[in-house]
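Trainee: next input, structure requested:
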Amino acid sequence: MEISQETVLVLGHRNPDTDAIASAVGYAWLLNQIGAGLYLGGRVGPLNPQTTFVLQRFGLDLPPLISDVRPHVGDMAEKMDPLMGDTPLLAVCEQIARVGKAVPVVDTNGEPLGLISGAGLFRHLVPALTGRSDLAAALDEHASHVIEPAALVLKEDENVSDILTQVLRAEHDDFVVTDENGCYCAMVTKSALLQPPRRRVVLVDHNELAQAVPGLEEAELVEVLDHHRLNVLPTTNPIRLQIEPVGSCSTLVAERASEERLSFPPAIAGLLLCGILSDSLHFRSPTTTPRDRAAARWLAPMAGLSGPGLTSDMETLVAQLAGELLAAGAGLRTRPADELVTADIKYYPVGDWTIGIAQVEVTEFAELVERKAKLEAALQKLIETQGLTMAMLMVTNIVSGDSRLLIAGMPRLIGEMPYARLPDGAYDAPGIVSRKKQLLPAVLAAVSQAV
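Mentor: Residues are numbered from 1 along each chain as shown. Here you go, the predicted model:
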């Protein structure tokens, strides 16, 4: 999907969960109603089964994947019709006069042969222009006689920052751009590459560079809407920053729409409702606030979840949706262990250490017993590949409201964790369902004891 440079991207965190997708899509819709410009909600990674279920349940398209927001060569390239090697020089003169810059020449396969600049063409025609040869014959010659080999051929998907040194050293000011197959597709100038446009980005459901879309440091951050702890992001200009202590970022999107007296389309209302139900574990998580409940009540009728008008009927339908939603995201049996420990993981830098905490949901802990060895191996692999001090998998039982922990890493740090070790080697965390509000403080306390 080609996205114009004018479009502002609204993005959640890497390894997106339902709330990250819901708040990105919902907030982009809202900003398009109240703001100037064009906003697009996207995703920064693959969807988990729960979010896939929600999109299908409400008939929504998959948000576009935005894997990098750094400027690419193709962002600045200009389409220009190429010439063939057998094009007469008269036609070459006409094209250079029309575009005012060097023109590309390609072979019959579309691969670039080089460039013809105005200066190079003039040098070739000097004898004919001064009467030392026949001008008509000279203008009838083929373009292949005047080609200057391109000093630097760039690929449209290359990051500008990666090729800038080569561009600065090049004598030419015009560069041929090729596609993934090595065929000519456009031209780009040195001046354009030296001043690349910065993609404008709105972050939702996070405010940490480590969790943000790759390349954010080369983009322009214009706004943050979040419900997590503050982690300062550098910005070039003042931005709108809203971080509120609620259980779901989708709650903040719903509240903003209510303030603006706007109603969401049913599908987006349903998506936002699911974002709240997912992050709050149907209001059982300790992060849940009265604002989350109020936002869910406001969204439910909008999403089509209403009975004959009685509140109890609506609550029954919401509870049914929550049950389907949480069940869709639960389970360890069908996904590879490596995917389970990375699909919903957050990284927390603590001094010189970095701790990764992943979370999955199950309906019974028997699933954990079956996969424990492979999951522990995946955690150890994660430590090695990501340079972590400790990696944890929080397996939350959505029926009982308890968790079991698998932990790999520094034994001294693990020994400070306030959870009893079970006979199977997992750690028991009764009543713990929130990574942010319950588990993370315990981990940070263990770190302070271990250092």
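
Trainee: okay, now the unreliable bits of this structure?
Mentor: The chain contains residues with pLDDT under 70 at 1, 306-312, 451.

Trainee: grab the longest strand from it for me.
Mentor: Ranked by residue count, the top strand of the chain under DSSP state E comes out as strand 353-362.

Trainee: tell me the gap between that strand and the middle of its chain.
Mentor: 20 Å (C-alpha atoms, centre = their mean, to the nearest Å).

Trainee: what comes into contact with that strand?
Mentor: Strand 353-362 has contacts (C-beta atoms under 8 Å, 6 or more residues apart in numbering) with 326, 329-332, 340-348, 368, 382-383, 386-398, 409, 435, 439-440, 443, 447. In short, each C-beta sits where N, CA and C put it, glycine included.

Trainee: among those residues, which ones are in helices?
Mentor: 326, 329, 340, 368, 382-383, 386, 440, 443, 447 (DSSP state H).

Trainee: and the contacts of stretch 100-107?
Mentor: Residues from elsewhere that reach stretch 100-107, judged by C-beta under 8 Å, 6+ apart: 80, 82-85, 87, 92, 95-96, 112-118, 143-144, 147, 150, 172, 174, 176, 183-184, 187, 189.

Trainee: from the contacts of strand 353-362, list the buried ones, please.
Mentor: Buried by 16 or more other C-beta atoms under 10 Å: 326, 329-332, 340-348, 368, 382-383, 388-398, 409, 435, 439-440, 443, 447, out of those.

Trainee: from the ones in helices among the contacts of strand 353-362, which is closest to residue 47?
Mentor: For the ones in helices among the contacts of strand 353-362, the residue nearest residue 47 by C-beta to C-beta is residue 329; the value is 10.5 Å.

Trainee: dump the host helix or strand of residue 275 to PDB, keeping only the CA atoms.
Mentor: Assigned by DSSP states H and E, residue 275 belongs to helix 266-279. C-alpha atoms of helix 266-279 as PDB (Å, rounded to 0.1, in the frame of the first residue of the first chain):
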ATOM      1  CA  PRO A 266     -20.400   0.700  14.600                       C
ATOM      2  CA  ALA A 267     -17.400  -1.300  13.600                       C
ATOM      3  CA  ILE A 268     -14.900   1.100  15.100                       C
ATOM      4  CA  ALA A 269     -17.000   1.400  18.200                       C
ATOM      5  CA  GLY A 270     -16.900  -2.400  18.500                       C
ATOM      6  CA  LEU A 271     -13.100  -2.400  18.000                       C
ATOM      7  CA  LEU A 272     -12.600   0.200  20.700                       C
ATOM      8  CA  LEU A 273     -14.900  -1.600  23.100                       C
ATOM      9  CA  CYS A 274     -12.800  -4.800  22.600                       C
ATOM     10  CA  GLY A 275      -9.700  -2.800  23.200                       C
ATOM     11  CA  ILE A 276     -11.100  -1.900  26.700                       C
ATOM     12  CA  LEU A 277     -12.400  -5.400  27.400                       C
ATOM     13  CA  SER A 278      -9.000  -6.900  26.400                       C
ATOM     14  CA  ASP A 279      -6.700  -4.600  28.400                       C
END
